[in-house]
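In: I would like the atomic coordinates for the input below:
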Amino acid sequence: MGQENQETLTVQKLAQDLSAFAFDRTDLKELLAAIPKDSQLNLTTIEYELQLLKILSVGWGIAFFMPATNKNKGPVTQMFWESIRQISNSISTLTQTTTGQQIDYFEILKDRLNTYLAIMQENPDEARNPADFIGPAFAGSCHCENDAIAILTGTKMFTLTLGAVKEYLNSVKIDDIKLN
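Out: Model prediction:
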């Protein structure tokens, strides 16, 4: 099924593409534009949290959709998160330079990941379908726990991102590991 037409990528290129996608804001802007103008949501908070959720969702997509037996899974995962760390360091530095506030964007990502994982562990029945808890957890991170629009927006970001990662991984073939 289309296997012969798959683009062949190195592990590095795959990880680079996935990290670039994690920070791409196209779908984020579309989700923000879909929020009704009369909504009481803090759009700055929604936008910030959507970006965090997208980055984490790409990481989850790698974990979910690359088979455990794939020898490239570990290197792709490691290179992806190393790239995210580098970009996060740049964001932290830029924020400190422009606002004078010191932040650690990568630490914020880790904290948010721990928040989502804790909710998953508290709700093991729902953990089989993470989309069931991601939307409400996202809304909680945005300080609007019961807002249907926030829940739907978070759920959409999560499911669209996972779908895009799955589609991308299915469309490429990973070249033999070349770590240089």
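In: Tell me which other helices or strands the one helix or strand Gly59 maps to touches.
Out: Taking DSSP states H and E as the definition, Gly59 sits inside helix 43-65. Packing partners of helix 43-65 (3 or more Cβ pairs under 8 Å, 6 or more residues apart in numbering; DSSP states H and E): helix 11-23, helix 26-33, helix 73-99, helix 105-122, helix 131-141, helix 148-171. Just so you know, the C-beta spots here come from the backbone N, C-alpha and C atoms, and that holds for glycine as well.
In: if we compare these, which one ends up closest to Asn5?
Out: Across those, Asn5 has its closest neighbour in helix 148-171 (8.7 Å, Cβ to Cβ).
In: hmm, back to that, could you give the separation of the helix holding Gly59 from the chain centroid?
Out: Remark: helix 43-65 is offset 3 Å from the chain centroid, using Cα atoms, centre = their mean, to the nearest Å.
In: now do stretch 54-72
Out: Averaged C-alpha coordinates place stretch 54-72 at 11 Å from its chain's average position (Cα atoms, centre = their mean).
In: pLDDT on it, on average?
Out: Per-residue pLDDT values over stretch 54-72 give a mean of 95.
In: Keeping just the C-alphas, turn that stretch into CSV.
Out: In CSV, the C-alpha atoms belonging to stretch 54-72 read as follows (Å, rounded to 0.1, in the frame of the first residue of the first chain):
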residue,chain,number,x,y,z
LYS,A,54,1.0,20.4,20.5
ILE,A,55,4.7,19.8,21.4
LEU,A,56,3.8,17.1,23.9
SER,A,57,1.3,15.5,21.5
VAL,A,58,4.0,15.2,18.8
GLY,A,59,6.2,13.4,21.4
TRP,A,60,3.3,11.1,22.3
GLY,A,61,2.7,10.5,18.6
ILE,A,62,6.2,9.2,18.3
ALA,A,63,5.7,6.9,21.3
PHE,A,64,2.3,5.7,20.1
PHE,A,65,2.9,5.2,16.4
MET,A,66,6.5,4.0,16.1
PRO,A,67,6.6,0.3,17.0
ALA,A,68,8.6,-0.7,20.1
THR,A,69,10.5,-3.1,17.8
ASN,A,70,11.6,-0.3,15.5
LYS,A,71,15.3,0.2,16.1
ASN,A,72,15.0,3.8,15.1
